[in-house]
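> Everything below, folded, please.
(chains A and B)
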Amino acid sequence: MKMLSKKATCKSHGQDSSYFLGWQEYEKNPFDPIRNQSGIIQMGLAENQLSFDLLESWIARNQEISGFKKTGGSIFRELALFQDYHGLPAFKKELVEYMSEIRQNKVKFDPNKVVLTAGATSANETLMFCLAEPGEAFLIPTPYYPGFDRDLKWRTGVEIIPVHCHSSNDFRITASSLEEAYKQAQNLHLKVKGIFITNPSNPLGTTFTLNELNLIINFAINENIHIVNDEIYTGTVFDSPRFVGIIEALKIRKFDPKRASIWSRVHVVSSLSKDLGLPGFRIGMIYSNNDTLIAAATKMSSFGLISSQSQFLLSKILADKKFIRNYVKENRRRLKNRHKMLVSGLKKVGIPCLKSNSGLFCWVDMRSLLKSDTFEAEMNLWREMIGEYLLNVSPGSSCHCVEPGWFRVCFANMAKETLEIAVGRIQALVNSRALQLMIN
Amino acid sequence: MAIEIGLSKVAESETHGENSPYFAGWKAYDEDPYDELCNPSGVIQMGLAENQVSFDLLEQYLETHTESPTIGRSKASGFRENALFQDYHGLKSFRKAMASFMEEIRGGRAKFNPDRVVLTAGATAASELLTFILADPGDALLVPTPYYPGFDRDLRWRTGVNIVPVSCDSSNNFEITPQALESAYNEAVSKNIKVKGVFITNPSNPLGATIKRRILEQILEFVSRKNMHLVSDEIYSGSAFSSDEFVSIAEVLESRNYKDTERVHIVYSLSKDLGLPGFRVGSIYSYNDKVVLTARRMSSFTLISSQTQQLLAPMLSDKKFTEHYVKTNRERLKRRHEMIISGLKNAGIECLKGNAGLFCWMNLRPFLEEDTKEQELELWDLILHEVKLNISPGSSCHCSEPGWFRVCFANISEQTLDVALGRIKDFVEIRKGRKRNNGFCSK
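Model (predicted):
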């Protein structure tokens, strides 16, 4: 074999993590309600499959759009040639209005400050390329989405320094945890360029409090660093407390966008993959007030542009305001019900979940099922769940959680009946554990 | 107050290359675009290598096959599955379709295994991705000049990899020679730069000519001897005017029974042959398992929209359609090429003998006052602002000889091409007239 680059031969692609290994196990024996009832149920994939019927009926009512029709002819040629990295203007306009809509219109976004990217995966990596040199670091609260190990570090050479959060305060960020992480970076001689948060949180399913956001803003001002906010789950908030994003938090503080330098260091990432359930179409974006960043990121987006075909379709769907308003409302309701189903099902057998109001998953406390308070025991439990109870859930260690025993369990990527079966399997596991204890 | 924290070096650098005249010309066009009716004195865009000659064939296909491409029509679950599909292996049917389309273009003279196809959002992404995989920051790729200006960004910007040019000139029709390869290699070595591979574009952009089989064999021999990689960007393979004129590196490998292939990788895209740059459909075909595996994982950053994959899979799998399309597209490009060549000849301008691509390599050396890059850029500026044609100066393609220009012919209508040729003829006449009137040469 010929010599490949270090990037090609290293493990930074992150695919050896249990997060991805669990998916592989699922692929070998996937549950099917009719054909394979003894297969593994996939609860490790944060997809939203609850509201497709709404999108499908919209598509059925607007056939001509899929066929590239417009008044007076076809838009095919125009779209086929359109590769301007500034994006389809109609799409950007609708996208920012949608972004506002899911923030209860508390914030207005300027389409000129948007960079379109092929998914949030691409947006996050692009931001790292723009904000940090290889070897520099970003602080990230744990637990965090396993994909970040690849997305933020692999090709960029950027380092991640975890900001450890604990169950003792519901995994909230504190001033001391931020300082500790910063010190850790200094000890490792790593220059910190920014802090990266996911709000609403993956895997916690919670939204940041205003207090937390202010802590982060103050920290970023004091240390003169960037704040990157992955707000991909904004459209999945189904309960109180209300979601406050970083831009709104800055507005509340009344920082003058024209004078306060913090405005040029705050960058938001979003996507239509989670709330609209369209990960296949690769629709992501970066939003920032920093003109230099927008200019650089726009040029970089050449490496991951959104198909003009998909931009066109989404510009039409998002322009149907009545549809979108109804969709958002109904989607929220369905997520809330699913969430309730999982939480109450687990509660019945004494398994608590972190109190959450968003996301497509619950952060489940299975510490009582561990044979010992160790990650080894967590891995054993995970293997038991896959091998014997046929459930793929994501172990907290794959999300860099510092406390063993927590698992991310998805609830929106399957049919209701499948979720019922899955809950039943977890209940069976708990009951069998209890039985074992009694016998012993 | 703390000093304002900046962005990364990559973000602040100019390596994206967008300040080159290649892009400045586009700007001038955007500000004053030619339109037959509304702006007949506007700038004609001849700097954009787009293929607009065969859209009617695509549109016709989509019209008559409305069930498959339209989502949500056939099955209720069709849309759902498609919208959820983000597997970096890509839609199997689409990968198979790409492999079979690539075979069609090569007249079946090479076989492509769909499992070796990695999908990316355009060839831009494919080229960068391969560079990330084959080279470390500071390493180099040898690239024959003149080359596509976008490579300065695609191969170097975020990867930190260097391009060492392999100089080609008109003395032998810009063919790549073993001596030129050796010379570039030695130059890199003398600077302590590790060369990881050779990156060729075949058919060539901007030359508009295919690379001869004999030369491909020499390049293969060179990379084998030096134990490095070979990337062949074959994005214009379907734009060769006749099927037999184009020899793919895959054919050379096939004729050698696929020995020593792990160093060879092919880039392809539908942007040129099918004229669909907006849909972002690119691919890497590699004979190296580790490269395929790594490229797949990296393609997460640049997946093709599943909606687009589903739209195009049936069309590319339709052998009757692809055979007809490829043949017709070739014929139309050939006709366009003949039109521009004869028009230029009529104006007293020669071009490099071309047999592929969406452009020709025009020789304006006789028009230069001096054999310098500055003179070339002056001439380019004159042509842009007075003749109102945006063409690409050879220097933006790193050509070592001043005076060559790339002129695109497939992105405009025949009428527009006619107008452009008329303007060129007038320009040449005026220059001749000026020289005569001046009574002496300013050389």
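
> residue boundaries of the strands in the stretch 201-350 of chain A?
A:226-230, A:266-271, A:284-288 (DSSP state E, counting those that start in this stretch).

> My error: substitute the stretch 301-443 of chain B in the last question.
B:350-351, B:359-363, B:389-390, B:392-393, B:404-408.

> Next one: B:L384 from chain A, what distance?
Applying C-beta to the nearest C-beta, to the nearest Å, the value for B:L384 to chain A is 21 Å. In this view, the C-beta of every residue, glycine as well, is placed from N, C-alpha and C.

> correct me, but that residue touches B:N390?
Yes: the pair B:L384 and B:N390 passes the contact test of C-beta atoms under 8 Å, sitting 5.8 Å apart.

> measure A:S307 to chain B for me?
4 Å.

> so what's that residue closest to, chain neighbours aside?
Distance criterion C-beta to C-beta, 6 or more residues apart in numbering or on different chains; nearest residue to A:S307, sequence neighbours excluded, is B:S305 at 3.7 Å.

> got a list of what the closest residue to B:R336 other than its chain neighbours touches?
Excluding the flanking residues, the one nearest B:R336 by C-beta to C-beta, 6+ apart is B:F409, at 4.9 Å. By C-beta atoms under 8 Å, 6 or more residues apart in numbering or on different chains, the contact list for B:F409 reads B:46, B:336-337, B:339-340, B:358-360, B:417.

> Make a ChimeraX selection of the buried ones in those.
Buried subset of the contacts of B:F409, written as a ChimeraX selection, criterion 16 or more other C-beta atoms under 10 Å in any protein chain shown:
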select /B:46,336,337,340,358,359,360,417
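
> Now do the same for A:P257: its pLDDT.
If you check A:P257, the pLDDT there is 83.

> mind pulling up the phi and psi values for it?
The phi/psi pair for A:P257 (degrees, to the nearest 10) reads phi -60, psi -20.

> And it, how far from A:W263?
5 Å (C-beta to C-beta, to the nearest Å).

> which of these two has more neighbours?
Between A:P257 and A:W263, A:W263 has the larger neighbour count (other C-beta atoms under 10 Å in any protein chain shown), namely 16 against 12.

> ok, the spatially most central residue of chain B - contacts?
Centroid-nearest residue in chain B, with C-alpha atoms, centre = their mean: B:N205, separated by 5.1 Å. Residues near B:N205 by C-beta under 8 Å, 6+ apart: B:49, B:147-148, B:235-236, B:357, B:359, B:406.

> Do you know the pLDDT at it?
98.

> Then A:K193?
Value listed for A:K193 in the pLDDT field: 97.

> Backbone torsions only: list them for it.
phi -100, psi -20.

> what number of residues lie near it?
A:K193 has 27 nearby residues by other C-beta under 10 Å.

> near chain A, which residues of the stretch 151-300 of chain B?
Residues of the stretch 151-300 of chain B lying near chain A by C-beta under 8 Å from any C-beta of the partner chain: B:153-154, B:157-158, B:196, B:227-229, B:262-263, B:271, B:275-280, B:288, B:290-291, B:294, B:297-298, B:300.
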